[in-house]
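Student: sequence and predicted structure below; questions after.
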Amino acid sequence: MRRLTLFVGALGLLASFTVAAAAQPLERLAGVVHVHSDISTGTLSLDQLAALAEKQGIGALLVTENYLLRIEYGLWPFRALTRVTREEPSVLADLEGYLDRVARAGAQGPRVVLVPGVELIPHHYWTGSPWALEMALHGTQKNLLAFGLTDPAALRSLPVVGNPHARVFATQSLVDALPALLIVPGAILLIRKRPRRQRLGRAVIVVRRRAWWPGLLVVAVGVAALVRGWPFTVDRYPVWEAHGLEPHQTLIDHVEKLGGVSVWSLPEARDSGGDQVGPVRVTWETEPYPDDLLRTFRYTAFGAIYEDTTRFERPGGGWDRLLNQYAAGERRRPAWALGESGFHDLAGGKAIGPVQTVFLVRERSPRAVLDALRAGRMYALQRTRELSLELTDFSVTAGETVALAGETALTAPGTSLEVTIAVDSPRGARQDLRVTLVRNGVVLGAWLGGTPYRVAHREVFDGAPLVFRMEVRGQGPRLVSNPIFVRSRVRGS
């Protein structure tokens, strides 16, 4: 009996801790997503970035160093032997060192949470030909960000273009291995002495000599093929062919399998340029790809606001189509919106804080930030140097249920719903606002007012799935929330 009493008491204590944790208020933590340091292609150290962030009131940096920034091209048929490579600083060669540096920088500046991540190029491909003196490279900026992977072995396994740890054997492997076989005939030429007739005066004598120069040349080609091609594996999706979105979906699924989160990066940004490489004109271009977000699945989020023109998140656009698919059961998970910085340095007046993602967290830690990212407890914010916005409330009340961004309210048809929106301007700077409430992709209401502003919308739930989201535009700043879903409670649950 005493044991039973103790057991029941322990369960009660555990339940009280659980309720206390659930009731723990959420803190708004301003973060910057997609930041590079001098570990890869940035110019500031992690310590400098953390100090800069703390000075600007930013509480989290989601670091995204280049995983593998390497471009290759090889001539058919012996692509490994003729391969030409250009590479920029990346972290794949020393993942342990990268993760350790982030951990040490986070420990030295605990007021700013540092979350290690990587920027990934799932695939790029070539068109044109060096014989035509014109080549084009496609898709080098059609990238994904990955967070939540802190095991170096897991990181090394990511199936991205050029990763030697994720390559496979294919027909091209056999072709690349063929020149290595030249080592055998080359060695024979060097070892065996061949008879040659040589005139000496009026006499002809037979001299046995080794074929040094031909033998050395053939061996050199074979050794070069062996060294450059070993272990004769190739990318699962070779760069001499276009493979559509299959490489990207494969990477998304792999990151999910490892327990990480994936983010489509800057989907509406355009990247193009060109250079002369000897006599060959080489161009590169990545077209905006917002529609590809509708053709891929199971990623966690996408860059919705950044320092460029974006349309995907506008009412009735691609994001609403995606959210409606989730609400209708056509997708296993929604895709959350975040603000994406793409910060490398301070050149040209660039700053670290204009584009932020504000996470709703229960504690200041990398784990809490990732939990908020996975759950959609965040909003995207674009601010100016002087003005910002703060979403102090966005919730749906359905009877006794209150749901926040990223959550689902389960309720019965006929229940009264109240959508509450409250927006303020930090430090008391008053702003004129336009607040827009979107339901299932259609603008439900738009209100004008000044900060601090509060509005409530009421309706009766008819049982059909609902998706509520909102956006705010101030005098320069802009804010986009993640959605709240309302679904009918299953009878008897």
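Tutor: Nice, I can see it.
Student: point out where the protein drops to low pLDDT.
Tutor: Within the chain, the set of residues satisfying pLDDT under 70 comprises 1-24, 198, 200-201, 203-208, 490-493.
Student: center of it - which residue?
Tutor: Centrality entry for the chain: nearest residue to the mean C-alpha point is residue 145, 1.2 Å, by CA atoms, centre = their mean.
Student: next one: it from residue 261, what distance?
Tutor: As defined by CB to CB, to the nearest Å, residue 145 lies at a distance of 9 Å from residue 261. (Glycine included, C-beta is placed from N, CA and C.)
Student: kindly report the same for residue 174.
Tutor: Residue 174 sits 38 Å away from residue 261, going by CB to CB.
Student: neighbour count for the two, which is higher?
Tutor: Neighbours were tallied for residue 174 and for residue 261 using other CB atoms under 10 Å; the higher tally belongs to residue 261 (20 against 10).
Student: quick check: bridge partners of that one?
Tutor: With beta bridges defined as DSSP bridges, residue 261 has these partners: residue 147.
Student: pull the contacting residues for it.
Tutor: 146-148, 255, 300-301, 370, 373-374 (CB atoms under 8 Å, 6 or more residues apart in numbering).
Student: domains for the chain, by residue range?
Tutor: The record's domain parsing of the chain by automatic domain parsing lists 26-161+240-382, 172-229, 384-493.
Student: mind listing the helices for this structure?
Tutor: Taking DSSP state H, the helices of the chain run over residues 2-23, 46-55, 95-108, 152-156, 171-177, 183-191, 212-229, 246-257, 318-327, 366-375.
Student: out of those helices, which is closest to residue 347?
Tutor: With CB to CB as the criterion, residue 347 lies closest to helix 46-55 of those, at 14.0 Å.
Student: and the closest one, what does it pack onto?
Tutor: In this structure, helix 46-55 makes packing contacts with strand 60-66, helix 95-108, judged by 3 or more CB pairs under 8 Å, 6 or more residues apart in numbering; DSSP states H and E.
Student: out of these, which is the most enclosed?
Tutor: Taking mean count of other CB atoms under 10 Å as the contact definition, the stretch among the helices and strands packed on helix 46-55 with the greatest mean neighbour count is strand 60-66, which reaches a mean of 27.
Student: name every strand pairing with it and say which way it goes.
Tutor: When DSSP bridges is applied, strand 60-66 pairs with strand 27-35 (parallel), strand 113-120 (parallel).
Student: mind listing the strands for the stretch 251-400 of the chain?
Tutor: Using DSSP state E, counting those that start in this stretch, the strands of the stretch 251-400 of the chain run over 261-264, 271-277, 280-286, 301-305, 336-343, 355-361, 378-382, 390-398.
Student: of those strands, which is nearest residue 29?
Tutor: That would be, of the strands of the stretch 251-400 of the chain and by CB to CB, strand 355-361, which comes in at 4.7 Å.
Student: now do the closest one against strand 27-35, angle only.
Tutor: Here the directions of strand 355-361 and strand 27-35 differ by 140 degrees (axes from the mean of the first three to the mean of the last three CA atoms, to 10 degrees).
Student: contacts for strand 355-361 next, please.
Tutor: Residues outside strand 355-361 that contact it (CB under 8 Å, 6+ apart) are 26-33, 58, 60, 62, 305-307, 338-341, 368-369, 371-373, 377-383, 390-391, 404-405.
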